[in-house]
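Undergrad: let me see the structure of the following:
(chains A and B)
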Amino acid sequence: MNNPQQLRYSKEHEWLSAADADGVATVGITEFAANALGDVVFAQLPEVGAAVTAGDSCGELESTKSVSDLYSPVTGEVVEANQDVVDDPSLVNSAPFEGGWLFKVRVSAEPADLMSTDEYTAFTAGEES
Amino acid sequence: MSSTELRHTALDAVHRSLGATMTDFAGWDMPLRYGSERDEHLAVRTRAGLFDLSHMGEITVTGAEAAALLDFALVGNIASVGVGRARYTMICRADGGILDDLIVYRLAETEYMVVANASNAQVVLDALAERAAGFDAEVRDDRDAYALIAVQGPESPGILKSLTDADLDGLKYYAGLPGTVAGVPALIARTGYTGEDGFELFVKPEHAVRLWQALTAAGEGVGLVPCGLSCRDTLRLEAGMPLYGHELSTSLTPFDAGLGRVVKFEKDGDFVGREALAQAAERAASEPPRVLVGLIAEGRRVPRAGYAVVAGGRVIGEVTSGAPSPTLGKPIAMAYVDAAHAASGTEGVGVDIRGSHEPYEVVALPFYKRQK
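TA: Residues are numbered from 1 along each chain as shown, chains lettered A, B, ... in the order given. You can find the predicted model right below:
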């Protein structure tokens, strides 16, 4: 499993892109998380304008077997939710780091414990065994 | 249970080499899925799927009074099952509560194989051994004597035909015959838990890998894929088949579960649960208990076991199994609901999905029936 180098990662298996010039970063779940969930069949994403808090639930992902909370890796305001994923939740499985992104957030604060790619890869290796 | 205590089937190394996601199922380390469970499900509906079901519990009953013992111990009329045929039945407690649902194969005049759910195999074995007192019959634990491989789906007869000389055309649904498949001795049964045509092959564990590989090779050209327990669950749910621990339990009689037809009061002699079940049958006719129905979502949120079924702001039932249905493209569920809300098309029924009442359509089971 290849976790892209340019991203950072949360312990809840969300990824966060580097913020653009407007301070907006993209959030998704990792391939590790998507594989653990199985086929995602329903995504309830936070609404545009919603305030999200790092580590708090901001939506739901349903798979065949279970429903999982979606956590925000940072604190900020949601500026876009991925309508493509709402229409076709399988994008989360087929392209978790690309077309399966979940929402964009204008970051106001980020926690200190976001992981680098290498740290996250080591973190998931520990969860697999 | 920690992973060191889990039991592994004879096909464990095969599953790992295929990259299966494994899960603890009734103390067994079983394949949950190999890739996408939705793709596996659709393969079984349209082509064929290959399953390792070696966790199922086989119990052999032999002896001059084997039939008499099973007629006493189980609710079905087992003596009437012909040699080479199989029967879906149940084993109940004296109070009528369901201990397990079973398939009983009559292998010979005085030899039967009882197949129990993995989670209940020990309970069934203990009950049969206890109920065998006074009968000229032997109850044998054969759980370790068999691996069980199922090939299910419309392409399964063609796949199996290429590997055996056995008369598959003469093998009816719920029949089983001994034969040779891919060079290994097997009990070939036309049974399954998917709603499709298909076969279950009971073989010695040391032959399981060879049979699996031969079936894989034979199915390659027609789209056979390995399938895990996740799609087995959605396949049986669409087919309206009950799962012990969900639709069936010791607190329900077969009549409560809408399966009173498996109880054969007309058979000779007494059987465990007869009196309680006769009362349960009367109760079901006069004041129907909750009824097992199908629910189809109007939205996309998935009902799960234990969620409340609601109508007019009141709880009227409980979901026993729920999943997104790959065939219907919508979430579906089985649920026990009050009789007043059980008719197909009943308006205003919903499921409480984490606090929000989502609208659902009440339908008769099954959700899916194959075209023959």
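Undergrad: can we go C-alpha only for contacts and neighbour counts from here?
TA: OK.
Undergrad: list the helices and strands the stretch of helix or strand residue A:125 belongs to packs on?
TA: Here residue A:125 sits within helix A:117-128, counting by DSSP states H and E. If contacts are counted by 3 or more C-alpha pairs under 8 Å, 6 or more residues apart in numbering or on different chains; DSSP states H and E, helix A:117-128 sits against strand A:8-9.
Undergrad: what residues does the stretch 151-300 of chain B have near chain A?
TA: B:230, B:300 (C-alpha under 8 Å from any C-alpha of the partner chain).
Undergrad: contacting residues around the helix holding residue A:125?
TA: Helix A:117-128 is contacted from outside by A:3, A:4, A:5, A:6, A:7, A:8, A:9, A:10, A:11, A:32, using C-alpha atoms under 8 Å, 6 or more residues apart in numbering or on different chains.
Undergrad: and for stretch A:20-31?
TA: Counting by C-alpha under 8 Å, 6+ apart, A:1, A:3, A:13-19, A:72-73, A:92-93, A:96-97, A:100-107 sit against stretch A:20-31.
Undergrad: what subset of these is buried?
TA: The neighbour-count test (16 or more other C-alpha atoms under 10 Å in any protein chain shown) marks A:3, A:13-17, A:72-73, A:92-93, A:96-97, A:100-107 as buried among the contacts of stretch A:20-31.
Undergrad: so which of the residues you listed belong to helices?
TA: Using DSSP state H, A:92, A:93 are the members of these that sit in helices.
Undergrad: in strands, which of the buried ones among the contacts of stretch A:20-31 appear?
TA: Among the buried ones among the contacts of stretch A:20-31, the members falling in strands (DSSP state E) are A:14, A:15, A:16, A:103, A:104, A:105, A:106, A:107.
Undergrad: isn't the fifth one up against residue A:83?
TA: No: checked against C-alpha atoms under 8 Å, the pair residue A:104 and residue A:83 is beyond contact range at 11.7 Å.
Undergrad: what parts of chain A come near chain B?
TA: Residues of chain A lying near chain B (C-alpha under 8 Å from any C-alpha): A:38, A:39, A:41, A:42, A:62, A:63, A:64, A:65, A:66.
Undergrad: same thing but at 10 Å, please
TA: Proximity of chain A to chain B, by C-alpha under 10 Å from any C-alpha of the partner chain, involves residues A:35-36, A:38-44, A:60-67, A:90, A:93.
Undergrad: now list the buried members of those residues.
TA: So, of these, A:35, A:38-44, A:60-65, A:67, A:90, A:93 end up buried under the neighbour-count rule (16+ other C-alpha under 10 Å).
Undergrad: in helices, which of those residues appear?
TA: Cross-referencing those against helices under DSSP H gives A:35, A:93.
Undergrad: can you tell me the centre-most residue of chain B?
TA: residue B:193 (5.0 Å; C-alpha atoms, centre = their mean).
Undergrad: dump the residue contacts of residue 35.
TA: By default, I'm working from chain A. Going by C-alpha atoms under 10 Å, 6 or more residues apart in numbering or on different chains, residue A:35 touches A:92, A:93, A:94, A:96, B:21, B:35, B:36.
Undergrad: please go with chain B instead
TA: A:35, A:38, A:39, B:18, B:19, B:20, B:21, B:225, B:226, B:227, B:228.
Undergrad: again, but for residue A:107
TA: Residue A:107 touches A:19, A:22-26, A:52-54, A:73-78, counting by C-alpha under 10 Å, 6+ apart.
Undergrad: any idea which of these is closest to residue B:302?
TA: residue A:52 (24.6 Å; C-alpha to C-alpha).
Undergrad: correct me, but residue B:227 touches residue B:41?
TA: Yes: here residue B:227 reaches residue B:41: they are 7.7 Å apart, a contact under C-alpha atoms under 10 Å.
Undergrad: which residues are common contacts for the two?
TA: Joint contacts of residue B:227 and residue B:41 (C-alpha under 10 Å, 6+ apart) are B:48, B:49.
Undergrad: so which residue is dead centre in chain A?
TA: By C-alpha atoms, centre = their mean, the most central residue of chain A is residue A:28, 2.6 Å off.
Undergrad: quick one: secondary structure of that one?
TA: strand (DSSP: H, G, I helix; E, B strand; the rest coil).
Undergrad: give me the below-cutoff pLDDT ranges for the chain.
TA: Using chain A. Along chain A, the model assigns pLDDT under 70 to residues A:1, A:128-129.
Undergrad: I was thinking of chain B, sorry if that wasn't clear
TA: B:1-4.
Undergrad: for it, just list every one of the helices.
TA: B:12-17, B:37-46, B:66-73, B:121-131, B:156-161, B:208-219, B:229-238, B:274-286.
Undergrad: other SSEs contacting the last one?
TA: When contacts are defined as 3 or more C-alpha pairs under 10 Å, 6 or more residues apart in numbering or on different chains; DSSP states H and E, helix B:274-286 sits against none of the other helices and strands.
Undergrad: give me the domain ranges for chain B.
TA: Domain segmentation of chain B under automatic domain parsing yields B:3-54+B:146-238, B:55-143+B:253-288, B:290-363.
Undergrad: still on that earlier bit, tell me the one among the contacts of helix A:117-128 nearest to residue B:187.
TA: Using C-alpha to C-alpha, residue A:32 comes nearest to residue B:187 of the contacts of helix A:117-128, at 40.4 Å.
Undergrad: so what's residue B:119 closest to, chain neighbours aside?
TA: residue B:26 (5.0 Å; C-alpha to C-alpha, 6 or more residues apart in numbering or on different chains).
Undergrad: residues near the one you found, how many?
TA: For residue B:26, the count of nearby residues is 17 (other C-alpha atoms under 10 Å in any protein chain shown).
Undergrad: residue contacts, it?
TA: Contact partners of residue B:26, counting by C-alpha under 10 Å, 6+ apart, are B:1, B:6, B:7, B:55, B:56, B:117, B:118, B:119, B:120, B:121.
Undergrad: same check on residue A:68?
TA: Neighbouring residues of residue A:68 by C-alpha under 10 Å, 6+ apart: A:37, A:43, A:57, A:59, A:60, A:61, A:62.
Undergrad: how does it look with 6 Å?
TA: The neighbours of residue A:68, taking C-alpha atoms under 6 Å, 6 or more residues apart in numbering or on different chains as the test, are A:60, A:61.
Undergrad: separation between it and chain B?
TA: To chain B, residue A:68 is 12 Å away according to C-alpha to the nearest C-alpha, to the nearest Å.
Undergrad: re the thing from before, make TSV from the helices of chain B and add mean neighbour count to it.
TA: Shown next, in TSV, are the helices of chain B (neighbours: other C-alpha atoms under 10 Å in any protein chain shown):
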stretch	mean neighbour count
helix B:12-17	14
helix B:37-46	22
helix B:66-73	24
helix B:121-131	18
helix B:156-161	19
helix B:208-219	19
helix B:229-238	24
helix B:274-286	16
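Undergrad: quick one: which of those is nearest residue B:362?
TA: When the helices of chain B are compared by C-alpha to C-alpha, helix B:229-238 sits nearest residue B:362, at 14.2 Å.
Undergrad: what's the angle between the closest one and helix B:37-46?
TA: Counting by axes from the mean of the first three to the mean of the last three C-alpha atoms, to 10 degrees, helix B:229-238 points 50 degrees away from the direction of helix B:37-46.
Undergrad: with just CA atoms, put helix B:229-238 into CSV.
TA: Taking Å, rounded to 0.1, in the frame of the first residue of the first chain, the C-alpha atoms of helix B:229-238 are listed here in CSV:
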residue,chain,number,x,y,z
LEU,B,229,-18.5,-14.8,4.2
SER,B,230,-19.5,-11.1,3.7
CYS,B,231,-21.1,-11.8,0.3
ARG,B,232,-22.5,-15.1,1.7
ASP,B,233,-24.4,-13.0,4.2
THR,B,234,-25.9,-10.6,1.6
LEU,B,235,-26.7,-13.5,-0.8
ARG,B,236,-28.7,-15.3,1.9
LEU,B,237,-30.3,-12.1,3.1
GLU,B,238,-31.6,-11.3,-0.5
